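predicted model follows, preceded by the sequence.
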Amino acid sequence: MAAWGKSLRGHPLVGPALALLLLVIVFSFASDRFLTATNVSLVLQQTLVLGMLALGQTLIILTAGVDLALGAITVLATIVAAKVAVGGAPEGLALLLAFVLAIAASTLNGLLVARVRLPPFIVTLGAFTVLTAVSYLLSGSRSQTIPKGLLTFLGQGFSIGGVFISWGIPTLLAAYALFAHILGNTAWGKHIYAVGDNPDAARLAGVRVERTLIGVYAVAGLLYAVGAWLSLGRIPSADPNAMANIALQSITAVVLGGTSFFGGRGKVLGTLTGALIVGVLRNGLTLAGIDSLFQDIITGILIVATVSLDQYSRRKSN
């Protein structure tokens with residue numbers, strides 16, 4: 001067991017990959033509908049938005065932070081885009097405003113964390129409360145349907161062997177490939193790991209900690225904006241009640257993917273695997289007839305168990 005544990009610590013992507021494979025095998029036996037082309041398409045589409053938001057969450061968790069407001073930012077971006085587009089403005093302008101809003105909101109969170117030195121949990125919890133209220137006020141607590149066009153472009157696509165592949169899938173894969181390269185091969189990526197591991201040591205080594213933190217939150221906001229675009233493509237409507245549990249699900253995806261909740265360690269490819277685990281788990285449990293409330297219970301247990309294992313692994317490494 002010690003040898004297995006050491007091997008998994010040395011290859012952090014192996015554990016999530018094996019867990020995903022095990023879930024696929026279990027649910028394929030539990031339901032004959034699980035591996036059908038229609039259901040595989042459904043799992044992929046359901047994972048798109050979560051995967052993009054989890055990528056932004058990964059960047060923040062790598063700095064030893066957490067973002068509870070990502071869902072509220074994403075929902076508000078969809079509502080602003082819908083109101084502007086339905087109001088008669090060009091869809092390109094509506095999409096641009098949604099991007100600006102998401103980046104600005106997340107950057108403000110970063111400024112409060114980096115400059116005012118407020119805990120990320122408190123900052124993003126406050127932002128979640130404020131932005132959720134703003135979304136309800138702007139939308140009148142009603143959903144807004146969006147006509148087919150630029151705002152729904154990422155939901156269009158093609159089929160391969162009966163499996164529908166939307167343009168959102170290559171968009172998501174390209175984003176993960178880009179950030180895998182950035183985190184592994186650029187100075188900014190190394191600074192993110194250094195800040196998450198030990199901000200004081202990083203500062204003494206010449207890393208501009210505040211600038212790095214603000215940049216991380218700004219880039220996360222950009223990813224949330226792309227997530228909003230993916231959401232409009234998947235379901236062409238802006239709903240203030242959407243994504244109620246997306247923050248919890250994104251954290252689950254990140255920690256299941258092997259990223260340390262305490263910062264400084266993790267890979268974005270692990271997050272992609274973690275997002276697929278969450279998507280497959282929820283889909284499989286739904287096909288098995290498990291109530292959604294029990295699904296939330298299982299998700300919460302997974303978070304606690306994974307973070308506990310991460311804490312134990314850090315202690316053994318030290």
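The structure has been received and is ready for your questions.

only C-alpha atoms from now on, for both contacts and neighbour counts.
Noted.

what's the first helix or strand after the helix or strand bottoming out on mean pLDDT in the chain?
Lowest on mean pLDDT, DSSP states H and E among the helices and strands of the chain sits helix 2-10, with a mean of 53. Going down the chain from helix 2-10, the next helix or strand is helix 14-30, by DSSP states H and E.

and that next one, what does it pack onto?
helix 268-287 (3 or more CA pairs under 8 Å, 6 or more residues apart in numbering; DSSP states H and E).

so where's the stretch 51-200 of the chain uncertain?
Counting by pLDDT under 70, the stretch 51-200 of the chain shows no low-confidence range.

which stretches of it form strands?
Ranges of strands within the stretch 51-200 of the chain are 144-145, 157-160, 163-166, based on DSSP state E, counting those that start in this stretch.

quick one: which of the ones you listed is nearest residue 229?
strand 163-166 (12.6 Å; CA to CA).

could you list the buried residues of stretch 227-237?
227-234, 236-237 (16 or more other CA atoms under 10 Å).

what do you get for stretch 178-198?
Neighbour counts using 16+ other CA under 10 Å place 179, 183, 188-189, 191-197 of stretch 178-198 among the buried residues.

first to last residue in that stretch, what's the distance?
Counting by CA to CA, to the nearest Å, you get 25 Å between the two ends of stretch 178-198.

chain center to it: distance?
18 Å (CA atoms, centre = their mean, to the nearest Å).

same thing with stretch 211-219?
On the basis of CA atoms, centre = their mean, stretch 211-219 is displaced by 16 Å from the centre of the chain it belongs to.

quick check: mean pLDDT of it?
Mean pLDDT, stretch 211-219: 97.

now do the contacts for residue 118.
Applying CA atoms under 8 Å, 6 or more residues apart in numbering, we find residue 118 in contact with residue 112.

please apply the same query to residue 299.
By CA under 8 Å, 6+ apart, the contact list for residue 299 reads 249, 252.

and the helix or strand hosting it, what's buried?
Here residue 299 sits within helix 292-317, counting by DSSP H and E. Using 16+ other CA under 10 Å as the test for burial, helix 292-317 gives 295, 299, 302-303, 306-307, 310.

so how far is residue 151 from residue 182?
28 Å.

make that residue 179, sorry
Using CA to CA, one obtains 24 Å as the distance from residue 179 to residue 151.

what does residue 102 give?
For residue 102, the distance to residue 151 (CA to CA) stands at 15 Å.

between those two, which one's more packed in?
residue 102 (28 against 25; other CA atoms under 10 Å).

residues in contact with the residue nearest to the spatial centre of the chain?
Nearest to the geometric centre of the chain sits residue 54, at 1.6 Å (CA atoms, centre = their mean). By CA under 8 Å, 6+ apart, the residues touching residue 54 are 250-251, 253-254, 271-272, 275.

now do residue 51
For residue 51, the contact set (CA under 8 Å, 6+ apart) comprises 172, 250, 271-272, 275-276.

dihedrals phi and psi, residue 263?
phi 90, psi 160 (degrees, to the nearest 10).

and it, what's its pLDDT?
Reading off the confidence values, residue 263 has pLDDT 86.

pretty sure it contacts residue 63?
Yes: assessed by CA atoms under 8 Å, residue 263 is found in contact with residue 63 at 5.1 Å.

who touches both of the two?
193, 196-197.

possible to save the residues you listed as a markdown table with distance to residue 242?
A markdown table is the format used below for the shared contacts of residue 263 and residue 63 (distance: CA to CA, whole Å):
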| residue | distance to residue 242 |
| --- | --- |
| 193 | 32 |
| 196 | 31 |
| 197 | 34 |
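
and residue 280, how far from residue 224?
Residue 280 is 22 Å from residue 224, by CA to CA.

between the two, which is the more surrounded one?
Per other CA under 10 Å, whichever of residue 280 and residue 224 has more neighbours is residue 224, with 32 against 23.

contacts only, for the more buried one.
52-53, 56, 70, 73-74, 102-103.

of those, which belong to helices?
Mapping these onto helices (DSSP state H) picks out 52-53, 56, 70, 73-74, 102-103.

for those residues, which two are the farthest from each other?
52 and 103 (14.4 Å).

neighbour count winner among these two?
Taking neighbours as other CA under 10 Å, residue 52 and residue 103 compare with residue 52 leading, 29 against 23.

now do the closest residue to that one other than its chain neighbours against residue 62, distance only.
Using CA to CA, 6 or more residues apart in numbering and skipping residues adjacent in sequence, the residue nearest residue 52 is residue 227, 5.5 Å away. Here residue 227 is placed at a distance of 20 Å from residue 62 (CA to CA).

now do residue 49
In terms of CA to CA, residue 49 sits 20 Å off from residue 62.

returning to what we had before: in TSV, list the contacts of residue 51 along with neighbour count and distance to residue 210.
Formatted as TSV, the contacts of residue 51 follow (neighbours: other CA atoms under 10 Å; distance: CA to CA, whole Å):
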residue	neighbour count	distance to residue 210
172	22	28
250	29	24
271	30	25
272	25	28
275	32	29
276	24	33
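
many thanks, have a good one.
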